[in-house]
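**Student:** Give me a 3D structure for the following:
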Amino acid sequence: MAQVGNAIDVGTASADQTTESNPAHASAPVDSAVSVTEEPKSTTDSIGPVQPIVETTAAVDPSTTAANTESSAESVVAEDPVVGLWSKVSEDAGDFTSWTTLVETVLQGNDIGKIQQACDAFLNQYPHCYVFWKKYADAILTHTQNPADGYAVYERAVQATPLSVEVWIAYIHLRITHKNTGEKTPEELAALNAEILALCERAVQAAGLEYKSAHLWSTYIAFVKDITTNVAEVVQVYHKAFAIPLESHTELYQAFEALAREQETPSVLATPEQLAAATAAAGAVSPTELKEAVREYIISSAYAVIEASAVEAAKRKPFEDLITRPYFHTQALDDASLSNWRAYLKFEQEQAASAGTAATTTADGSRHQRVLVLFERCLIACALYDEFWIRYAKFYLDVCGDVAQARNVLQRGARLQVYPPPRFHQLYAGFEESQGDVAEARRILRAAAVDATPVAVESVVAYAAFERRHGDVEAGLSAFTSAAAKCADNAKARPLLAATHAQFLRSIGRAPDARAALENAIAIDGGAVVLYKQLLDFEISQHLDAASKESEDRVLAVFDKVAASEQFDVVAKAEMAELKVRFVIEHSTTTTADQWGLLHGYLYDGVTEDGSNSLDRKRKAEAGGEESDAKRQHFQQSQQQGYYQQPVQQPYYQQPMQAQPQMVWNGAAWVAPQQQWGQQTW
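**Tutor:** Have a look, this model is predicted:
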């Protein structure tokens, strides 16, 4: 028994790694599929605009000037900061700092109505902020002096964040405190003990598999010891805890050993099987020796279970040590943390799969249950990373075969994300459509495309495509119209929305309308590359079908617009000229002489003695230094080989569409990484 510490202590995390050790809990930007959004103005459809409680003021004198009115409004906000904070979170539900400041401010006051309103709205949006659940319950208890009101808050808390060991412990302690306060009849005490015991069992059922739940088990055991004289009941709880790969069993084991050694009759701690085995192993001994033999057998049996659990815990320790932020926060997780969560989830899923379909249950419960618990832990720290919600739902669907739980996961993910990335809505809707619920899929996509602010262009495209598949193209077109109105002042979203609108018009056979939409958009956003490329792609496709002089002139007109525009620099114009050369060579009906003149002008006009042309010099200047020898050698070789001897390239407009880049949340909107000229952007 000298090595008990080594076997029991798998490792002790540092203070900053303790589960939910930080009270500031929201989560982080999420990588997403392509969308362009306008600046946030209000929350999404998952939670309506928050309405603050505002005191009724006296009527304003109509003669008061606008300046005085504005000054008066500013003074009201200055006198009551709560009003200003409500205004901020109403405009942007993702402003976590303003939310926490609002809640802290109202908690310092005595207005229970304002406290309830602020806490309810905040915790609906950020339910994993366990510290605020406790503060909310304390404030309610202080005001009403009714424990049942505090219980109601904690019931909501454990439903919202069932993996929070701290919330469960605080709830249990509140119930115990109430039980021990005031005079109680034996019947009342028995009823309260039964309620608290049931609460403890609920707690370990929900969070008892958590790696750092030893304190919860200790709380449960302490309560059972307090209410029963049947030591066997206490031992049963110990054995349940020993079978779980916890971070450390040291305190639990020491308490169990002390309990075993203080028993005059250790046989009361043993099961019939253990007692028979201990008696057989002891042989013919005196009653006193047999009693000690049974005691040591019980202790060593418990230790053997702990050793087996420690082996499992040691497998998980490398992953646990890399969890630097187990709590909920608005700041982004670093790549290493995200990779660790992915690897940890993969490990637990592999452990579950290795158990086999015929033996999925071990001493610590279902192997699948351990995977589910880890997903829940992951989604505290990674709540706004849609990737993990989708993986969780897919696990329920593919491995557990539970459609209802998969749907529940997706519903929770949609509710918890203030600005869900477009990809999440699409996958959620795709799930519902695959389950035959077309109406729900339509509701999800429409909420993201039409009802939500800010506008995500990709969500509009997905909803329009959905309606096209189901035969209602007018609904799809209406979504583009609605989005265009919201994006009227957004120079980033406006061109991409117009380009995708034109592409949708082409997909439903309205080519003239598509051309008109692009030309109108170019008249507004003449410097948007995506519009010219979309128009170029459109006109080339029309030319390939018609192969007429008129269709060719339309293509060349697009190139000429870029060349004549003052909104494009020399690099953009030179690269568009290269595309023009390729089009003329591959698909033009012009004469060979005309082609030669165009090609010569592109390759040789402006070339200096050092072998560089204006495009090369422009790129070198932007790079801030000399070009590499390899690049210069490549250019010289291409000059010597000639255009026709270079490797044949696939026509620009026949090249496969490149993968859409992941979107980045910049704190105000979903934005795409900087696109390079020549990449497809639609």
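**Student:** give the contact list for Lys394.
**Tutor:** When contacts are counted by C-beta atoms under 8 Å, 6 or more residues apart in numbering, Lys394 is found next to Ala406. In short, each C-beta sits where N, CA and C put it, glycine included.
**Student:** got the contact list for Leu259?
**Tutor:** For Leu259, the set of contacting residues under the criterion of C-beta under 8 Å, 6+ apart consists of Val231, Val234, Val235, Tyr238, Leu269.
**Student:** try 7 Å this time
**Tutor:** Under the criterion of C-beta atoms under 7 Å, 6 or more residues apart in numbering, the contact partners of Leu259 comprise Val234.
**Student:** Helix or strand: which one has it?
**Tutor:** helix 250-261 (DSSP states H and E).
**Student:** helix or strand right after that helix?
**Tutor:** Taking DSSP H and E, what comes next after helix 250-261 is helix 272-282.
**Student:** and that next one, how far from the chain's centre?
**Tutor:** On the basis of C-alpha atoms, centre = their mean, to the nearest Å, the separation between the geometric centre of helix 272-282 and that of its chain is 53 Å.
**Student:** Now do it: everything it contacts.
**Tutor:** Outside helix 272-282, the residues touching it (C-beta under 7 Å, 6+ apart) are Ser267, Ala270, Glu289, Leu290, Ala293, Val294, Tyr297, Ile298, Ser301.
**Student:** Which positions in it come out as buried?
**Tutor:** Taking 16 or more other C-beta atoms under 10 Å as the basis for neighbour counts, the residues of helix 272-282 that come out buried are Gln274, Leu275, Ala278, Thr279, Ala282.
**Student:** Over to stretch 109-121?
**Tutor:** Using 16+ other C-beta under 10 Å as the burial criterion, the residues of stretch 109-121 that qualify are Lys114, Ile115, Gln116, Gln117, Ala118, Cys119, Ala121.
**Student:** out of those residues, who's nearest Ala93?
**Tutor:** Within the set of these, Ala121 lies nearest Ala93; the separation is 8.9 Å, counting by C-beta to C-beta.
**Student:** in what helix or strand does the closest one lie?
**Tutor:** Counting by DSSP H and E, the element that carries Ala121 is helix 112-125.
**Student:** Quick check, pLDDT for Gly84.
**Tutor:** Among the per-residue scores, Gly84 holds a pLDDT of 92.
**Student:** Closest one of the buried residues of stretch 109-121 to Thr481?
**Tutor:** Distances from Thr481 to the buried residues of stretch 109-121, taken as C-beta to C-beta, are shortest for Ala121 (32.5 Å).
**Student:** Quick one: name whatever helix or strand follows the strand or helix carrying Lys317.
**Tutor:** Using DSSP H and E, the secondary-structure element containing Lys317 is helix 287-321. Sequence-wise, the next helix or strand downstream of helix 287-321 (DSSP H and E) is helix 335-354.
**Student:** And that following helix, what does it pack against?
**Tutor:** With contacts defined as 3 or more C-beta pairs under 7 Å, 6 or more residues apart in numbering; DSSP states H and E, helix 335-354 has these neighbours: helix 287-321, helix 367-381.
**Student:** If we use 10 Å, what do you get?
**Tutor:** The elements that helix 335-354 packs onto, with contact taken as 3 or more C-beta pairs under 10 Å, 6 or more residues apart in numbering; DSSP states H and E, are helix 287-321, helix 367-381, helix 386-395.
**Student:** possible to save the ones you listed as JSON lines with mean pLDDT and distance to Gly476?
**Tutor:** Formatted as JSON lines, these follow (pLDDT from 0 to 100; distance: least, C-beta to C-beta, whole Å):
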{"stretch": "helix 287-321", "mean pLDDT": "92", "distance to Gly476": "45"}
{"stretch": "helix 367-381", "mean pLDDT": "91", "distance to Gly476": "33"}
{"stretch": "helix 386-395", "mean pLDDT": "94", "distance to Gly476": "24"}
